[in-house]
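Chemist: only geometry, no sequence info:
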C-alpha cells in the first residue's frame, strides 16, 4: 500500500469516527431534552396539587441494586472506654453474668460524661463535668463558624476511633446559644444510608453531645432493580391538596423497621428521601408507593 492510499484510509476512518460522535451527541442531547421536559411537567403538575419545590428534581434514578443489612451489635465496653476512659460505672439495666451486653437504656457514667445505649446499634453520649470544666474562655465563645464546627466534629470522631466508613454532612444548624448541631450520613456506592448516621453538638472548640447509630451491612446484592425515578415517586406520593413546600430530595436506603431483632439480614430497595418545610422528619418514598 502506497503512502497516499494509506492517508486516504486514515482520513476516511477519522471522518467516520467524527460522524459517529456527532450522531451520538445528538441522541444524548435529545434524551436530555426529553428528560428536562419530563421534570418540568412534573413540577407543573405538583404545583397544581399544592406542592411547591424549592429544589431541583434529581434527573438520575435511585440506586440500581438492593442493599443487604446484617444483624450486628456495637461493642459497648469498647465505646465506653473510647469516650469515657478506663474507669466508669454501669447504671440502669442489670448487667448479665454471661458477659453479654447489658439491656437497652443502660448507662455508662463517670465525670467525663454519660453514654446511654438506645439499642444494639446506637447510643447517645453527653459530655460530663470534667469535659465542661476543661473548656477555655476561647473554646466557649459563641462566634464559632460552620467550618470550624465541622472540623471540630470530624476531629473528635477520628480521635475517638468512631469514624467507620465514609460520611457526608447532611445538615448544619446553629442554635440560639451559639452551639452547632452537625448531622452526618454514611454513603456507600454513591447512595446515602439513612440509618447510619451521627449527630454532633459542638460548643466552641469541644463536642458536648454525640448521637450515633450504625447498622452493619454486607454490601449491594448482585440483583439489579428497576430504575426508580424521583419524578415517579413525587407524582405517586403527593396527591391533590397537599399544600407543602419541598426543600430537598435525595436517594438512599432506609430500614422500614427500626429493629432487626427478628431477622439475620434484610435486603433494602432504594428510596427517595423528601424533606418538607416545617416537618421535623422527612418522608421516605419506596417503589411500593408508586
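Modeler: The structure has been received and is ready for your questions. Everything quoted here is computed from the prediction, not taken from an experiment.

Chemist: after the helix or strand harbouring residue 151 comes which helix or strand?
Modeler: Per DSSP states H and E: residue 151 is located in helix 146-159. Downstream of helix 146-159, the first helix or strand assigned by DSSP H and E is strand 166-174.

Chemist: and the helices in this protein?
Modeler: 3-48, 76-84, 129-133, 146-159, 230-237 (DSSP state H).

Chemist: report all helices and strands that the helix holding residue 151 contacts.
Modeler: Applying 3 or more C-beta pairs under 8 Å, 6 or more residues apart in numbering; DSSP states H and E, we find helix 146-159 packed against strand 166-174, strand 180-188, strand 191-203, strand 206-213. C-beta: built from backbone N, CA, C; applies to glycine.

Chemist: coming back round to it: which stretch in the helices of the chain is the model least sure about?
Modeler: Lowest mean pLDDT of the helices of the chain: helix 129-133, a mean of 55.

Chemist: if we can go back for a sec, and the helix holding residue 151, how far from the chain's centre?
Modeler: 17 Å (C-alpha atoms, centre = their mean, to the nearest Å).

Chemist: please renumber the chain so that the first residue is 55 from this point on.
Modeler: All set: I'll call the first residue 55, so the last point we hit is now helix 200-213.

Chemist: and for it, what's in contact with it?
Modeler: For helix 200-213, contacts defined as C-beta atoms under 8 Å, 6 or more residues apart in numbering pick out 198, 217, 223, 226, 228, 234, 236, 238, 252, 254, 256, 259-261, 264.

Chemist: which among these count as buried?
Modeler: 198, 217, 226, 234, 236, 238, 252, 254, 256, 259-261, 264 (16 or more other C-beta atoms under 10 Å).

Chemist: turn the residues you listed into a markdown table, including distance to residue 100 and pLDDT.
Modeler: Shown next, in a markdown table, are those (distance: C-beta to C-beta, whole Å; pLDDT from 0 to 100):
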| residue | distance to residue 100 | pLDDT |
| --- | --- | --- |
| 198 | 38 | 81 |
| 217 | 38 | 92 |
| 226 | 28 | 96 |
| 234 | 33 | 95 |
| 236 | 31 | 97 |
| 238 | 30 | 98 |
| 252 | 33 | 98 |
| 254 | 35 | 97 |
| 256 | 37 | 95 |
| 259 | 44 | 83 |
| 260 | 44 | 90 |
| 261 | 40 | 94 |
| 264 | 38 | 98 |
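
Chemist: now the residues you listed as CSV including distance to residue 271?
Modeler: Output for the buried ones among the contacts of helix 200-213, formatted as CSV (distance: C-beta to C-beta, whole Å):
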residue, distance to residue 271
198, 34
217, 17
226, 26
234, 29
236, 23
238, 17
252, 16
254, 22
256, 28
259, 34
260, 32
261, 26
264, 21
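
Chemist: now, the most widely separated pair of those residues?
Modeler: Within these, two members stand farthest from each other by C-beta to C-beta: 198 and 217, at 20.9 Å.

Chemist: let me see the contact set for the one residue sitting closest to the centre of the chain.
Modeler: Residue closest to the average C-alpha location in the chain (C-alpha atoms, centre = their mean): residue 239, at 3.1 Å. If a contact means C-beta under 8 Å, 6+ apart, then residue 239 has 221, 222, 224, 246, 247, 248, 250, 251, 306 as its contacts.

Chemist: same check, this time on residue 330
Modeler: Residues in contact with residue 330 (C-beta under 8 Å, 6+ apart) are 298, 299, 300, 301, 336, 337.

Chemist: ok, of those, which one's closest to residue 179?
Modeler: Residue 179 lies nearest to residue 336 out of the contacts of residue 330, by C-beta to C-beta, at 24.5 Å.

Chemist: ok and the helix holding residue 205 relative to strand 260-267, angle-wise?
Modeler: For helix 200-213 against strand 260-267, the angle by axes from the mean of the first three to the mean of the last three C-alpha atoms, to 10 degrees is 70 degrees.

Chemist: which of the residues in helix 200-213 are classified as buried?
Modeler: 203, 204, 206, 207, 208, 210, 211.
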